[in-house]
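K.L.:
Provide a 3D model corresponding to the input given below.
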Amino acid sequence: MKIKKTPLKDCYIIEPTIIEDDRGYFYEKFNELKFEEFTGMNGHFVQDNISKSSYGVLRGLHLQKGEHAQAKLVSCLEGKVWDVAVDLRTESPTFGKWFGIELSAENKLQFYVPRGFGHGFSVLSETAVFAYKCDNFYNKESEGGVLWSDQQLDIDWKLPTSEVLLSDKDKIQPTFEQRNF
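P.N.:
Numbering: from 1, shown residues only. Below you'll find the predicted structure:
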């Protein structure tokens, strides 16, 4: 597997080495030792989550605050998504910047989003199954977020705005300026 840096401090793309033959394929999805060696970051995960969504669904921008903050290693197991991370760490040199990457069942890429980042994705295919590995347990009282359409962030979600489908929670997230974490 190859681990590549992104323009955001501490965010990484993991690209597997795929071994294919007439029977199908095999690849190592994650290796904690290789991850920690390359990044210098903890690669220990305690919770896996899966979501299935249809075209146009946008989930985000979400995070867990305080002692329940979570780093995530995300991938798309079926279909295709546009995955976005926003650096919300005020002390970071990339504070307020975002990065997006297409994750799909076809490219098998994974995206590591560390603690202190907002995270979201939009579904670009008819349906998508999305996987999250988290390094801390979910805590409802620690939920935070930023409005997906914040003008200051100006994120390109790769969807026409008229086709975006949001949860009630995601419609009322605070703006980047109003964030409370």
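K.L.:
quick one, what contacts the residue positioned nearest the centre of the chain?
P.N.:
In the chain, the centroid-proximal residue (Cα atoms, centre = their mean) is residue 119; its distance is 4.9 Å. When the contact criterion is Cβ atoms under 8 Å, 6 or more residues apart in numbering, the partners of residue 119 are 60, 61, 62, 63, 72, 74, 83, 84, 85, 86, 113. For glycine as for every other residue, the C-beta is placed from the backbone atoms N, C-alpha and C.
K.L.:
That one belongs to a strand?
P.N.:
Yes. Looking at residue 119 with DSSP: H, G, I helix; E, B strand; the rest coil, it is inside a strand.
K.L.:
Tell me the spacing between the closest residue to it other than its chain neighbours and residue 123.
P.N.:
Counting by Cβ to Cβ, 6 or more residues apart in numbering, residue 113 is the residue found nearest to residue 119 once chain neighbours are left out, at 4.9 Å. According to Cβ to Cβ, to the nearest Å, residue 113 and residue 123 sit 18 Å apart.
K.L.:
The two - which one has more neighbours?
P.N.:
Neighbour totals were compared for residue 113 and residue 123, and residue 113 leads with 28 against 25 (other Cβ atoms under 10 Å).
K.L.:
The more buried one touches residue 71, doesn't it?
P.N.:
Yes. Here residue 113 reaches residue 71: they are 6.6 Å apart, a contact under Cβ atoms under 8 Å.
K.L.:
Mind picking out the helix or strand in the protein with the poorest mean pLDDT?
P.N.:
helix 32-39 (a mean of 88; mean pLDDT, DSSP states H and E).
K.L.:
Show me how far that one is from its chain's centre.
P.N.:
Helix 32-39 has its C-alpha centroid displaced from the chain centroid by 19 Å (Cα atoms, centre = their mean, to the nearest Å).
K.L.:
Identify all contacting residues around it.
P.N.:
Helix 32-39 has contacts (Cβ under 8 Å, 6+ apart) with 1, 3, 10, 12, 14, 41, 42, 43, 44, 112.
K.L.:
What count of nearby residues applies to the fourth one?
P.N.:
Around residue 12 sit 20 other residues, with neighbours defined as other Cβ under 10 Å.
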